[in-house]
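Output the structure for:
(chains A and B)
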Amino acid sequence: MHSRTLTELAADLAARRVSATELAKHFLARIERFAGGLNAFVTVTAEQALAQAAAADKRRAQGRATPLTGIPIVHKDIFCTAGVKTSCGSRMLDDFVAPYDATVVERLASAGTVMLGKTNMDEFAMGSSSETSCYGPVRNPWNRALVPGGSSGGSAAAVSARLATAGTGTDTGGSIRQPAALSGVTGLKPTYGRVSRYGMIAFASSLDHGGVLTQTAADAALLLETIAGFDERDSTSLDEPVPSYSKAVEEPWEKIKIGVPESFFDEGLDADVAAAVRAALAELEKLGAKLKSVKLDYIHLSVPAYYVVAPAEASSNLARYDGVRFGHRASDATRGDLLSFYMRTRGEGFGEEVKRRILTGTYVLSAGYFDAYYLQAQKIRKLIADDFARAFREVDLVAGPTAPSPAFAIGAKTDDPIQMYLNDIYTIGADLAGIPAISLPCGFVRGLPVGLQLMAPALAEAPLLKASHHFQRVTDWHRRVPSEYA
Amino acid sequence: MLTPEDIRRLCRLARVEITAGEIADVSAKLSSIVALVDQLQAVDTKGVTPMAHPLDRAQRLREDRVTETDRHELYQRNAPLVERDLYLVPKVIE
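Residues are numbered from 1 along each chain as shown, chains lettered A, B, ... in the order given. Prediction:
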């Protein structure tokens, strides 16, 4: 039952082969058995899940069900959930109970999904390994000594180990796609503004994207058409119609052109990962796609541009944690002056990586540096976006690896921020340009999953998901489950 | 290379305390990040308009009407210290 895809479970529920309550109980039992070993959850909401499942069954009996009614999912602990702790993986928010639901949470709940719990993540989504959480590192179901990728590593591990049918995630520099690749699941980051950021705890506002981690692209299509769309509560939400992605994926394959940036296959890429990705490209060619080499002249600057823009915006966004209105407060609040109170509150509440990003942001925004760093980075961001726009005049999609290597050992890169940052070398570009991108399981290297990344022009999620679905019809990498969790 | 004094100044600006023992490590790691982002300085960007929005959209404005209701009781449940509906902070004025 747990290895069924969301699309298959939706059909099972519609045909009354299974009830939402049976599904919720089955997955909650799996979570109880396996979640601890993976450290994938911050909070398990068993009681709420059973209540939502009972309501879903009732709704179906009344003939008011949607395709998602009764589907058990998990939310990354960055999404506010009313009445449920929302920690963002930080000691700063260890006691924080969200007063409202994020739009993503609200829309999925309205459709009748059942929330099993909130998943562990890098603190404030700052990381590529899910090791910076104040609740300890998430472990990779394929090998628990390894990281699952990050920052949405809890959702990735939960879907990979089939502890949930799907999970929500956020992607600022690769935080959906990179853990999807390292954990062997499908991860979709839509166009900037396609999914509301309301109630999604802010990291870097011009780069933050909400999205999903699933078994398949067809599953992602079903979820995206539910969570996408205009939301007046998010000032950058796009007021554009939402097509039926689940219908779009079923349309016949068209002859498409896929651009391959050769610079994505340089010496920074693990040779075995390169071979797996090339094999996936050959598979797409067999389906009728035409491969064409494309040049992205400025893409090599995406990591440095990102590490100006993201920390600058983070240092502003995280200024709200002051120990007064909500969140952690310095233990001895009466000692010293207000400055020292703020400094101790934030010094105690934030972990090492978060402090590093706040300090980096403060540095690049400090007096006299704004033009040289932030403005220059935004110009380079424009050049990178123009690179993609030029490529998309010749090709329908751009394809390459998602991550430079398979999963690595817990602790291997924690002492070298630059090595950690380079995990996102292939994913950051799509965040800077705001274009949709997906990671699909495309093979194994040394027993570990590898991801193929496909990118599309802004708002072209439908063709992106369709190509992904056709790839998954002729491959079965996305159906592989780590043996212990099969 | 950022000096210990640079780090202490940044910590004050960012309102983040780090211990004396952490300064050397923070300085080394922050310096490596600054070296990474300094690669941007070599790029000629004359005439390039900085990106303001990935999809080149203008800021949407909303109608000027009150939509929020008073929910201070709900919001203050997350506050560390509240008395008579007021947030308590350390004494600022002597």
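
Please name the residues that touch A:Ser3.
Contacts for A:Ser3 (Cβ atoms under 8 Å, 6 or more residues apart in numbering or on different chains) come out as A:Arg162, A:Arg479, A:Val481, A:Ala486. In short, each C-beta sits where N, CA and C put it, glycine included.

Can you list the low-confidence ranges for the chain?
With no chain named, the answer covers chain A. Counting by pLDDT under 70, chain A shows low-confidence ranges at A:333.

Chain B is the one I meant
B:94.

Is the residue of it found nearest chain A in a helix, a strand, or coil?
Relative to chain A, the nearest point of chain B is B:Pro54 (2.4 Å; Cβ to the nearest Cβ). Put simply, B:Pro54 is coil when judged by DSSP: H, G, I helix; E, B strand; the rest coil.

in chain A, which spans are strands?
A:41-44, A:72-76, A:114-119, A:166-171, A:186-189, A:209-214, A:257-261, A:290-294, A:397-401, A:437-445, A:448-455 (DSSP state E).

Output the contacting helices and strands for the second one.
Helices and strands touching strand A:72-76, by 3 or more Cβ pairs under 8 Å, 6 or more residues apart in numbering or on different chains; DSSP states H and E, are helix A:20-38, helix A:103-110, strand A:114-119, helix A:153-160, strand A:166-171.

Most neighbours among the contacts of A:Ser3, which one?
Tallying neighbours with other Cβ atoms under 10 Å in any protein chain shown puts A:Arg162 at the head of those, with 21 neighbours.

Excluding chain neighbours, give the residue nearest to residue 6 in space.
Since you didn't name a chain, this refers to chain A. A:Asp219 (3.8 Å; Cβ to Cβ, 6 or more residues apart in numbering or on different chains).

nope, chain B
B:Ser27 (7.5 Å).

how about the CA coordinates for the strand or helix carrying the one you found, as PDB?
Assigned by DSSP states H and E, B:Ser27 belongs to helix B:23-37. C-alpha atoms of helix B:23-37 as PDB (Å, rounded to 0.1, in the frame of the first residue of the first chain):
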ATOM      1  CA  ILE B  23      35.900  34.400  16.400                       C
ATOM      2  CA  ALA B  24      38.900  32.800  14.600                       C
ATOM      3  CA  ASP B  25      36.800  30.100  13.000                       C
ATOM      4  CA  VAL B  26      34.000  32.600  12.000                       C
ATOM      5  CA  SER B  27      36.600  34.900  10.500                       C
ATOM      6  CA  ALA B  28      38.300  32.100   8.500                       C
ATOM      7  CA  LYS B  29      35.000  30.800   7.100                       C
ATOM      8  CA  LEU B  30      33.500  34.200   6.400                       C
ATOM      9  CA  SER B  31      36.700  35.200   4.600                       C
ATOM     10  CA  SER B  32      36.400  32.100   2.300                       C
ATOM     11  CA  ILE B  33      32.800  33.200   1.500                       C
ATOM     12  CA  VAL B  34      33.900  36.700   0.800                       C
ATOM     13  CA  ALA B  35      36.600  35.300  -1.500                       C
ATOM     14  CA  LEU B  36      34.000  33.300  -3.300                       C
ATOM     15  CA  VAL B  37      31.600  36.200  -3.900                       C
END
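
Surely the residue nearest to A:Leu6 touches A:Ala164?
No. Between A:Asp219 and A:Ala164 there is no contact under Cβ atoms under 8 Å: 11.5 Å.

what about the residue nearest to the spatial centre of chain B, distance to A:Met343?
By Cα atoms, centre = their mean, the mean C-alpha position of chain B lies nearest to B:Ala14, the distance being 6.9 Å. As judged by Cβ to Cβ, to the nearest Å, B:Ala14 and A:Met343 stand 9 Å apart.

need the contact list for the residue of the stretch 151-300 of chain A found nearest chain B.
For the stretch 151-300 of chain A and chain B, the shortest gap (Cβ to the nearest Cβ) falls at A:Tyr192, measuring 4.4 Å. Neighbour list for A:Tyr192: A:Ser206, A:Leu207, A:His209, A:Thr236, A:Gly434, A:Ile435, A:Ala458, B:Pro54, B:Leu55 [criterion: Cβ under 8 Å, 6+ apart].

gap between the closest residue to chain B within the stretch 201-350 of chain A and A:Lys355?
With Cβ to the nearest Cβ, the shortest gap between the stretch 201-350 of chain A and chain B falls at A:Gly347, namely 3.0 Å. Separation of A:Gly347 from A:Lys355 (Cβ to Cβ): 8 Å.

okay, and the common contacts of the two?
In contact with both A:Gly347 and A:Lys355: B:Val16, B:Ile18, using Cβ under 8 Å, 6+ apart.

Can you lay out the contacts of A:Tyr192 as JSON lines showing distance to A:Tyr100 and neighbour count?
Converted to JSON lines, the contacts of A:Tyr192 look like this (distance: Cβ to Cβ, whole Å; neighbours: other Cβ atoms under 10 Å in any protein chain shown):
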{"residue": "A:Ser206", "distance to A:Tyr100": "23", "neighbour count": "20"}
{"residue": "A:Leu207", "distance to A:Tyr100": "23", "neighbour count": "22"}
{"residue": "A:His209", "distance to A:Tyr100": "21", "neighbour count": "26"}
{"residue": "A:Thr236", "distance to A:Tyr100": "19", "neighbour count": "19"}
{"residue": "A:Gly434", "distance to A:Tyr100": "26", "neighbour count": "27"}
{"residue": "A:Ile435", "distance to A:Tyr100": "30", "neighbour count": "27"}
{"residue": "A:Ala458", "distance to A:Tyr100": "29", "neighbour count": "23"}
{"residue": "B:Pro54", "distance to A:Tyr100": "27", "neighbour count": "23"}
{"residue": "B:Leu55", "distance to A:Tyr100": "27", "neighbour count": "17"}
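
How about the contacts made by A:Gly89?
So A:Gly89 contacts A:42, A:77-78, A:120-125, A:132-135, A:151 (Cβ under 8 Å, 6+ apart).

near chain B, which residues of the stretch 1-150 of chain A?
Within the stretch 1-150 of chain A, the positions adjacent to chain B are A:Asp95, A:Phe96, A:Val97, A:Pro99 by Cβ under 8 Å from any Cβ of the partner chain.

In CSV: the residues you listed, plus distance to A:Ala280 and neighbour count.
Below are the residues of the stretch 1-150 of chain A next to chain B laid out as CSV (distance: Cβ to Cβ, whole Å; neighbours: other Cβ under 10 Å):
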residue, distance to A:Ala280, neighbour count
A:Asp95, 45, 14
A:Phe96, 41, 18
A:Val97, 44, 17
A:Pro99, 45, 18
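
Around residue 57, how many other residues sit close by?
Reading this off chain A. 22.

wrong chain, I was asking about chain B
B:Arg57 has 13 neighbours, counted by other Cβ under 10 Å.

surely it meets A:Leu238?
Yes. B:Arg57 sits in contact with A:Leu238 when judged by Cβ under 8 Å, with a separation of 7.5 Å.

Can you give me every residue that contacts the residue positioned nearest the centre of chain A?
In chain A, the C-alpha nearest the mean C-alpha coordinate belongs to A:Ile176, at 2.2 Å (Cα atoms, centre = their mean). Neighbouring residues of A:Ile176 by Cβ under 8 Å, 6+ apart: A:Ser152, A:Gly169, A:Thr170, A:Gly187, A:Leu188, A:Lys189, A:His209, A:Gly211, A:Val212, A:Leu213, A:Ser439.
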